[in-house]
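In: Provided below for reference: sequence and predicted model.
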There are 2 protein chains.
Amino acid sequence: MDILHRIGIHNASPDQVYDAITTIDGLAGWWTEKTVGDTEPGGVIAFRFIPGGFDMKVLELEPGRLVRWEVVDGPPEWIGTTIRWELEQRSDYTIVLFKHEGWREAGEFMHHCSTKWAIYLMSLKQLVETGEGAPAPRDVMISDWH
Amino acid sequence: MDILHRIGIHNASPDQVYDAITTIDGLAGWWTEKTVGDTEPGGVIAFRFIPGGFDMKVLELEPGRLVRWEVVDGPPEWIGTTIRWELEQRSDYTIVLFKHEGWREAGEFMHHCSTKWAIYLMSLKQLVETGEGAPAPRDVMISDWH
């Protein structure tokens, strides 16, 4: 089972969006300020939030087009799942197709993560469009689970 | 394939949230201002947006707990799919588990609808918490597809 999302980032090139998802500064600008690690293929990036976080191994990088990560540490529901980013220019938008693939159970936590991903993708859009995202711990709250 | 989401609405009872998803006024306050129809079981509610819209047949209503709709008209990808709302009080939140079930293809439109549902659920949360949502045509844009 997969979480799917699509956003369009206005007046931005695929390369700009690619930078925001493949550099520590970019990632810290929309997902979580506590981002450290090695962004090269085979490297591991550690994302930390107040209650914990995720370690992502970089599986694949095609500049301006594709990024793939595998979750190598984090909540049990996330371990072994993969995240796929596809970028494509369409007129004055860069379209982002996002997939968080391989969930084993459609439980309440998957519901939560789906909504929360949408919020973070809107933060990515805002970062690239305006220079200012809303990464954790300044992220938009969606529920009692943050 | 399903679209899943979860939000928590603060300082709101399940009955208040139920009202916002089972009355014309409530629905028009967070999804689309152009909402008309019959909200009783077996009735059809018509939701209209600038490019078109959806007709939903009300399949099931359990006050304060459950709402189910079937899409009887709209984009081909939506027809025959069902939408399920489950409400539950947890401390000072009403938790909303949302499922848009029965997608036949994980295409770009399903990606879009998943993100857009998250945005509308945040509008529902905002409506119930503050009295003011962001329904179409005042909704938050996520891409070239609105």
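Out: Great, that's in hand.

In: CA only for contacts and neighbour counts going forward, please
Out: Fine.

In: looking just at contacts, which helices and strands does the top strand by length along chain A meet?
Out: Across chain A, the longest stretch assigned as strand under DSSP state E is strand A:52-62. Contact here means 3 or more CA pairs under 8 Å, 6 or more residues apart in numbering or on different chains; DSSP states H and E; on that basis strand A:52-62 packs against strand A:44-49, strand A:66-73.

In: Turn the ones you listed into TSV, including mean neighbour count and distance to chain B.
Out: Below are those laid out as TSV (neighbours: other CA atoms under 10 Å in any protein chain shown; distance: least, CA to the nearest CA, whole Å):
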stretch	mean neighbour count	distance to chain B
strand A:44-49	20	19
strand A:66-73	20	16
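
In: would you list those strands in TSV and tack on mean pLDDT?
Out: Formatted as TSV, the helices and strands packed on strand A:52-62 follow (pLDDT from 0 to 100):
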stretch	mean pLDDT
strand A:44-49	97
strand A:66-73	98
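
In: circling back to that earlier point, name the strands paired with the longest strand of chain A and say parallel or antiparallel.
Out: Next to strand A:52-62 in the sheet, as set by DSSP bridges, lie strand A:44-49 (antiparallel), strand A:66-73 (antiparallel).

In: still on that earlier bit, can I get the helices and strands packed on strand A:52-62 in CSV with distance to residue B:47?
Out: As requested, the helices and strands packed on strand A:52-62 are exported to CSV (distance: least, CA to CA, whole Å):
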stretch, distance to residue B:47
strand A:44-49, 38
strand A:66-73, 36
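
In: Looking at those, spot the one closest to residue A:21.
Out: Taking CA to CA, strand A:66-73 is the member of the helices and strands packed on strand A:52-62 nearest to residue A:21, at 8.0 Å.

In: what number of residues lie near residue A:93?
Out: A total of 18 residues lie near residue A:93 under the criterion other CA atoms under 10 Å in any protein chain shown.

In: now do residue A:29
Out: Counted with other CA under 10 Å, the neighbours of residue A:29 add up to 25.

In: and it, what is it in contact with?
Out: A:20, A:124, A:127, A:132, A:133, A:134, A:135 (CA atoms under 8 Å, 6 or more residues apart in numbering or on different chains).

In: contacting residues for the last one?
Out: In other words, residue A:135. Contact partners of residue A:135, counting by CA under 8 Å, 6+ apart, are A:28, A:29, A:30, A:31, A:32, A:33, A:120, A:123.

In: Give the full set of residues in contact with the closest residue to residue A:101 other than its chain neighbours.
Out: Sequence neighbours aside, residue A:2 is the residue nearest to residue A:101 in space, at 4.4 Å (criterion: CA to CA, 6 or more residues apart in numbering or on different chains). Contact partners of residue A:2, counting by CA under 8 Å, 6+ apart, are A:99, A:100, A:101, A:102, A:103.

In: what about 6 Å?
Out: With contacts defined as CA atoms under 6 Å, 6 or more residues apart in numbering or on different chains, residue A:2 is in contact with A:100, A:101, A:102.

In: Ok, residue A:112 next?
Out: Neighbouring residues of residue A:112 by CA under 6 Å, 6+ apart: B:5, B:6.
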